[in-house]
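Visitor: give me coordinates for this.
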Amino acid sequence: MSARTTAHAGSFYPAQASEIERFFKAFEEMGNVDVPETPRALIVPHAGYMYSGFTAHLAFEQLRHSSAKRAIVIGPSHRVAFHGMSVSLFDEFATPLGALTIDKAYAERLKETYRLAFEPAMHMEHSTEVQMPFIKHYAPQLEVVEMVYGAFDPKTLGAIITDLLKDEENIVVISTDLSHFYTEEEANRLDNICLNAIDKREPSMMHSGCEACGAIGVEGVLIAAQNDDLNVKLLDYRTSSWATKDTSNVVGYTSAVFY
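Guide: The predicted structure is shown next:
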């Protein structure tokens, strides 16, 4: 049996299960935003848990309203330059909380249907990996599919996500952070462009200055939300300054649920 091993445990998130559970307990004590609808897609950040974990928690907590069979986690490549998208064909996804089953048969169908690749080097990616302990904690029954893109047409991704959402056994997880390394004031200005695009479900607004590293994924899910007439609720926005207290150099984070 092959496994997508952890590449970032001990850096972006703890390597020990007990330490991860302490993070999740703290997030739950901080609160939640209840959206009593069936979630079809989430937008979540992918920084270290101390910076963006609470924002991600507010989205993954919506999974308690879901009866989906599989989570399809889509994130940008940060380390490998690549034209296209790779879908993981390992058998399971290792996490410090225990392994998640990869729906390999479904992943193989996606690879064949959309002429995708399987490039193992693409799957040492933190934007997808940091989401897996959340899924293991909040919805351990879910199987997962990991998709990592490089240079990729957002309209093509929007068509793929539209197809994925026709199957009610799927929930789509889009991984992105927002602007990077601006002052708090400038980050707020730039991030509001992304937030307005999400709130209005308007993919064209993503081209007005949104600097999200996962902008292709966000635009793709907004195209699908328009096609499927999904509603959206923004759950949180904050920057890294809430953890660092440094407003001179921040990264923006948001989470949202489509239903």
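Visitor: scan this structure for its longest helix.
Guide: The helix that spans the most residues within the chain, counting by DSSP state H, is helix 184-200.
Visitor: elements contacting it?
Guide: helix 215-228, strand 232-239, strand 250-258 (3 or more C-beta pairs under 8 Å, 6 or more residues apart in numbering; DSSP states H and E). C-betas here are computed from N, CA, C, even on glycine.
Visitor: in it, what's buried?
Guide: Neighbour-count burial for helix 184-200, counted by 16 or more other C-beta atoms under 10 Å, picks out 184, 187-188, 190-195, 197-198.
Visitor: same check on stretch 97-116?
Guide: Neighbour-count burial for stretch 97-116, counted by 16+ other C-beta under 10 Å, picks out 97, 100, 102-104, 106-107, 110-111, 114, 116.
Visitor: any weak-confidence spans in the stretch 51-200 of the chain?
Guide: Within the stretch 51-200 of the chain, no stretch falls below the threshold (pLDDT under 70).
Visitor: the residue positioned nearest the centre of the chain pairs with what?
Guide: Most central in the chain under C-alpha atoms, centre = their mean is residue 175, positioned 2.5 Å from the mean C-alpha point. When assigned by DSSP bridges, residue 175 has beta-bridge partners residue 44.
Visitor: burial of the nearest residue in space to residue 139 that is not next to it in sequence, as a residue count?
Guide: Distances taken as C-beta to C-beta, 6 or more residues apart in numbering place residue 63 nearest to residue 139, at 4.2 Å, with adjacent residues excluded. Close neighbours of residue 63, defined as other C-beta atoms under 10 Å, add up to 22.
Visitor: quick one on the thing from earlier: from the helices and strands packed on helix 184-200, which stretch is densest packed?
Guide: Stretch with highest mean neighbour count among the helices and strands packed on helix 184-200: strand 250-258 (a mean of 26; mean count of other C-beta atoms under 10 Å).
Visitor: coming back round to it: which residues touch the residue nearest to residue 139?
Guide: 39, 135, 138-139, 142, 171 (C-beta atoms under 8 Å, 6 or more residues apart in numbering).
Visitor: same question, residue 168
Guide: residue 68.
Visitor: could you look up the SS state of it?
Guide: Assigned with DSSP: H, G, I helix; E, B strand; the rest coil, residue 168 falls in the coil class.
Visitor: that one and residue 123, how far apart?
Guide: Going from residue 168 to residue 123 by C-beta to C-beta, to the nearest Å gives 27 Å.
Visitor: same deal with residue 52?
Guide: Distance from residue 52 to residue 123, counting by C-beta to C-beta: 21 Å.
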